[in-house]
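Trainee: Predicted model follows, preceded by the sequence.
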Amino acid sequence: MEPWRVLVTDGLQDTGISILSKEAQVDDHKGISAEELLKEIGNYDALIVRGRTKVTSEVIEAGKKLKVIGRAGVGVDNIDTAYAKEKGVIVVNAPTATTTAVAELAMGMVFALAREIPRADASMKRGEWAKKEFEGVELYGKTLGIIGFGRIGSTVGQMAAAVGMRIMACCLFRIPETIRIIGGELLMMDDIIEKSDFITIHTPLSDETRGMINAEAFARMKDGVYLICTARGGIIDEKALLDALNSGKVAGAALDVFETEPPVFKELINHPKVIATPHMAGQTNEAQRRASMDIAKEVTAALKGDKLHWKIV
Ligand SMILES: NC(=O)c1ccc[n+]([C@@H]2O[C@H](COP(=O)([O-])OP(=O)(O)OC[C@H]3O[C@@H](n4cnc5c(N)ncnc54)[C@H](O)[C@@H]3O)[C@@H](O)[C@H]2O)c1
Ligand SMILES: O=C(O)CC[C@@H](O)C(=O)O
């Protein structure tokens, strides 16, 4: 029998490639264009992507031998999962690998906003000593509203509780035990919006969450609120955020994800009260190693017809 062929299009750490290579022929074609992918995909049994590759219905249609699509990470909003299901193509992800990394970046953003660390550093590098300009706020005793209390949101909750923040969270489905353990409150999203000093977003992008943080939501927030988003671009209405920053309603925003990536809305990125990072929250060496191993094992299991842990469709 011919060996299975696996195409990797957004890079994968060597540990994952080694696991796959024991069972299949692996082609690492990092950065492949959309046109090239359409031409090549017909030769492959499995496709492994991160967030860059758009796995459209056309790609799935062209993948005549395709049995499984693996997402080395969490969000599958770049994969047409409905079409994959229709075509009997399995979609799996590696949802636990990057939880700590994303939560740590979100917490880092909370600290960075409260003390304006990036702006202070930039002023030092310009040769200034602008000590009087920097009076921050303390986190101790402040309320952190967590929208989406799943794996990442609840990990952020534990970290923030450890520095003395009061935790309020809202969640759609299961209510993790964590909220009780950290002495937090489970509330409706409206309450979180109105009562929080800091708001951090950890939901997936869905029909329901797209544009969820809009002008109306900003109007209901406390004056001087801080906003953090490491979840997905599109959940926050970026134009409404810029207006809220300019009016002073929002004292600072830290964003890892954008409606368009790389971002085209430069006025937002360049705003002095915005801290921006290039969709790197899940990108620690440890997290990417775990993601590469998890997705390699899961894709191999799908090819062999073994039991799956993280089947999306
Ligand atoms: N920036 C990055 O590099 C990066 C890395 C990993 C994940 N992410 C994003 O983070 C998201 C969350 O990841 P996770 O592992 O915590 O997922 P998760 O499924 O464990 O948690 C998401 C939570 O959001 C809740 N939710 C969904 N819709 C909601 C709504 N309308 N209102 C309130 N709560 C809602 C769900 O109930 C769930 O508990 C992912 O979907 C992904 O988009 C980003
Ligand atoms: O893999 C990436 O590039 C981003 C990962 C992240 O957004 C995820 O959902 O796992």
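Mentor: Nice, thanks for sending it over. Ligands and ions are numbered 1, 2, ... in the order given.

Trainee: For Asp14, see how far away Ile79 is.
Mentor: According to C-beta to C-beta, to the nearest Å, Ile79 and Asp14 sit 24 Å apart. To be clear about C-beta, it is placed using only N, CA and C from the backbone, and glycine gets the same treatment.

Trainee: which of those two has more neighbours?
Mentor: Ile79 (25 against 11; other C-beta atoms under 10 Å).

Trainee: which residues touch the nearest residue to that one once chain neighbours are set aside?
Mentor: Nearest non-adjacent residue to Ile79, counting by C-beta to C-beta, 6 or more residues apart in numbering: Val55, 4.2 Å away. Neighbour list for Val55: Leu47, Val49, Ile69, Asn78, Ile79, Asp80, Ala84 [criterion: C-beta atoms under 8 Å, 6 or more residues apart in numbering].

Trainee: Could you report the pLDDT at the nearest residue to Ile236 once chain neighbours are set aside?
Mentor: With sequence-adjacent residues excluded and distances taken as C-beta to C-beta, 6+ apart, Ile236 is closest to Ile213, at 4.3 Å. pLDDT for Ile213: 98.

Trainee: What parts of the protein come near ligand 2?
Mentor: Proximity of the chain to ligand 2 (C-beta under 6 Å from any ligand atom) is limited to residues Arg50, Gly51, Gly73, Val74, Gly75, Thr98, His279, Gly282.

Trainee: Recalculate using a threshold of 8 Å.
Mentor: Contacts of the chain with ligand 2, taken as C-beta under 8 Å from any ligand atom, map to 10, 50-52, 71-76, 93-95, 98, 102, 232, 257, 279, 281-283, 291.

Trainee: and the closest residue to ligand 1 within the stretch 51-200 of the chain, backbone torsions?
Mentor: Going by C-beta to the nearest ligand atom, ligand 1 is nearest to Gly150 of the stretch 51-200 of the chain, at 1.8 Å. Gly150 adopts backbone torsions of phi -90, psi -140, taken as degrees, to the nearest 10.

Trainee: Need the nearest residue in space to it, chain neighbours excluded.
Mentor: His202 (6.5 Å).

Trainee: can you count the residues close to Leu38?
Mentor: 16.

Trainee: Name the helix or strand for it, please.
Mentor: Remark: Leu38 resides in helix 34-40, with elements defined by DSSP states H and E.

Trainee: which residues touch the residue nearest to Asp306 when sequence neighbours are not counted?
Mentor: Sequence neighbours aside, Thr300 is the residue nearest to Asp306 in space, at 7.9 Å (criterion: C-beta to C-beta, 6+ apart). Residues counted as contacts of Thr300 (C-beta under 8 Å, 6+ apart) are Ile19, Leu20, Glu23, Ala24, Asp306.

Trainee: which of those residues are buried?
Mentor: Buried members of the contacts of Thr300, scored by 16 or more other C-beta atoms under 10 Å, are Ile19, Leu20, Glu23, Ala24.

Trainee: Can you convert those residues into CSV and add a column each for distance to Leu242?
Mentor: Output for the buried ones among the contacts of Thr300, formatted as CSV (distance: C-beta to C-beta, whole Å):
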residue, distance to Leu242
Ile19, 44
Leu20, 43
Glu23, 49
Ala24, 47
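
Trainee: In strands, which of those residues fall?
Mentor: Judged by DSSP state E, those include Ala24 as members of strands.

Trainee: Show me which of the buried ones among the contacts of Thr300 is closest to Cys170.
Mentor: Minimum distance to Cys170 across the buried ones among the contacts of Thr300 is 38.0 Å, recorded for Ile19 (C-beta to C-beta).

Trainee: Ignoring the adjacent residues along the chain, who's closest to whatever residue of the stretch 201-313 of the chain ends up closest to ligand 2?
Mentor: Residue nearest to ligand 2 within the stretch 201-313 of the chain: Gly282 (4.4 Å; C-beta to the nearest ligand atom). Take Gly282 and drop its neighbours on the chain: the residue closest to it by C-beta to C-beta, 6+ apart is Thr98, 3.4 Å away.

Trainee: Show me the residue at the heart of this structure, geometrically.
Mentor: Central residue of the chain (C-alpha atoms, centre = their mean): Ala231, 3.8 Å from the mean position.

Trainee: per-residue confidence at Pro176?
Mentor: Note on Pro176: pLDDT of 73.

Trainee: what about Ser123, how many neighbours?
Mentor: Around Ser123 there are 16 residues (other C-beta under 10 Å).
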